[in-house]
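*Asks:* Build me a structure from this.
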Amino acid sequence: MQAIRSILVVVDPNQPEGLALKRAKLIAKVTQSHLHLLVSDKRGDHAAQLNDLAESLRQEGYSASGRQAWKDNLHGTIIAEQQAEGCGLVVKQHVSDNPLKKALLTPDDWKLLRYCPVPVLLVKNTEPWVNGNILAAVDVGNSDSEHRTLHSTIVSHAHDIANLTHGTLHVITAHPSPMLSAADPTFQLSETIEARYREACKAFQAEYGIDNERLHVEEGPADVLIPRAANNLKAVVTVIGTVARTGLSGALIGNTAEVVLDTLESDILVLKPDDIAAHLEELATQG
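*Replies:* Numbers count the residues shown, from 1 in each chain. The predicted structure follows:
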């Protein structure tokens with residue numbers, strides 16, 4: 001988070017000083033990042049409004065610029081602008097789509113999460129981040145190099161947010177339910193499965209300085225447990241990552257982030273491993 005030098009803020013012309021800009025200003029104030037405002041709209045002229053907003057930010061002490069653009073669709077416009085401006089973070093307010101629209105069309109925010117090569121912060125609520133709980137979702141049971149790298153990225157970003165907001169970092173990790181048919185008796189009882197996971201967590205806790213009170217080991221599917229933990233903790237932001245295959249069209253994001261997008265009440269920061277980000281960067285450049 002500290003390495004981010006430019007933030008792309010998606011601005012709604014009907015609510016120019018909305019939630020996305022408030023979150024971006026909080027981050028920029030600490031990281032000294034440039035704020036680049038984008039109105040993604042092919043109708044109307046919002047140049048004067050953007051100029052006034054950027055000038056207002058400059059008077060507050062921020063570095064700021066703005067542009068109106070449109071390229072085929074919303075997520076494509078955002079990614080094209082992110083590439084053009086070299087922004088290291090995209091901040092956008094998330095508005096839930098209705099169930100019928102979801103059934104007919106993948107929501108724009110899902111597509112943004114899938115194809116954007118840099119971290120995406122989707123802002124969902126008005127709760128202030130200051131002194132709040134920050135939840136990092138990791139899969140401690142997966143200790144391959146790809147997951148270890150992603151864990152490091154998730155915890156690092158969550159730790160940075162906790163520092164800049166004077167908040168408290170919590171970590172949620174899920175383990176599978178017992179399987180009576182499993183050959184290994186260890187996987188037939190909840191107690192033994194949890195004991196094995198907690199043992200695996202010790203190295204993780206030592207590496208990242210997470211004590212037992214802030215580590216939440218739960219049984220069940222991650223897409224159910226993450227929103228539940230975030231709600232119980234009253235988390236203001238949840239940091240989640242995805243490991244995906246680069247051979248798929250557009251490097252599809254793992255579905256956990258998509259499933260929890262509408263069930264999480266907190267803001268959500270979605271991260272990708274470096275290899276996925278590099279692949280998406282290449283695709284964006286070709287586009």
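*Asks:* What ranges does the chain have for its helices?
*Replies:* 19-31, 47-59, 74-85, 99-104, 108-115, 145-165, 190-208, 222-233, 255-263, 274-286 (DSSP state H).
*Asks:* Format those helices as JSON lines; extra columns: mean pLDDT, mean neighbour count and distance to Gln68.
*Replies:* C-beta coordinates here come from the backbone N, C-alpha and C atoms, glycine included. Compiled in JSON lines, the helices of the chain are given as follows (pLDDT from 0 to 100; neighbours: other C-beta atoms under 10 Å; distance: least, C-beta to C-beta, whole Å):
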{"stretch": "helix 19-31", "mean pLDDT": "93", "mean neighbour count": "20", "distance to Gln68": "16"}
{"stretch": "helix 47-59", "mean pLDDT": "95", "mean neighbour count": "15", "distance to Gln68": "6"}
{"stretch": "helix 74-85", "mean pLDDT": "94", "mean neighbour count": "20", "distance to Gln68": "10"}
{"stretch": "helix 99-104", "mean pLDDT": "57", "mean neighbour count": "10", "distance to Gln68": "25"}
{"stretch": "helix 108-115", "mean pLDDT": "84", "mean neighbour count": "21", "distance to Gln68": "17"}
{"stretch": "helix 145-165", "mean pLDDT": "85", "mean neighbour count": "19", "distance to Gln68": "30"}
{"stretch": "helix 190-208", "mean pLDDT": "77", "mean neighbour count": "15", "distance to Gln68": "42"}
{"stretch": "helix 222-233", "mean pLDDT": "91", "mean neighbour count": "19", "distance to Gln68": "34"}
{"stretch": "helix 255-263", "mean pLDDT": "72", "mean neighbour count": "19", "distance to Gln68": "26"}
{"stretch": "helix 274-286", "mean pLDDT": "60", "mean neighbour count": "15", "distance to Gln68": "20"}
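*Asks:* Ile172 reaches Ala229, doesn't it?
*Replies:* Yes: look at Ile172 against Ala229 with C-beta atoms under 8 Å: they come within range, at 4.4 Å.
*Asks:* between these two, what contacts are shared?
*Replies:* Applying C-beta atoms under 8 Å, 6 or more residues apart in numbering, one finds that Ile172 and Ala229 are jointly contacted by Leu135, His216, Glu218.
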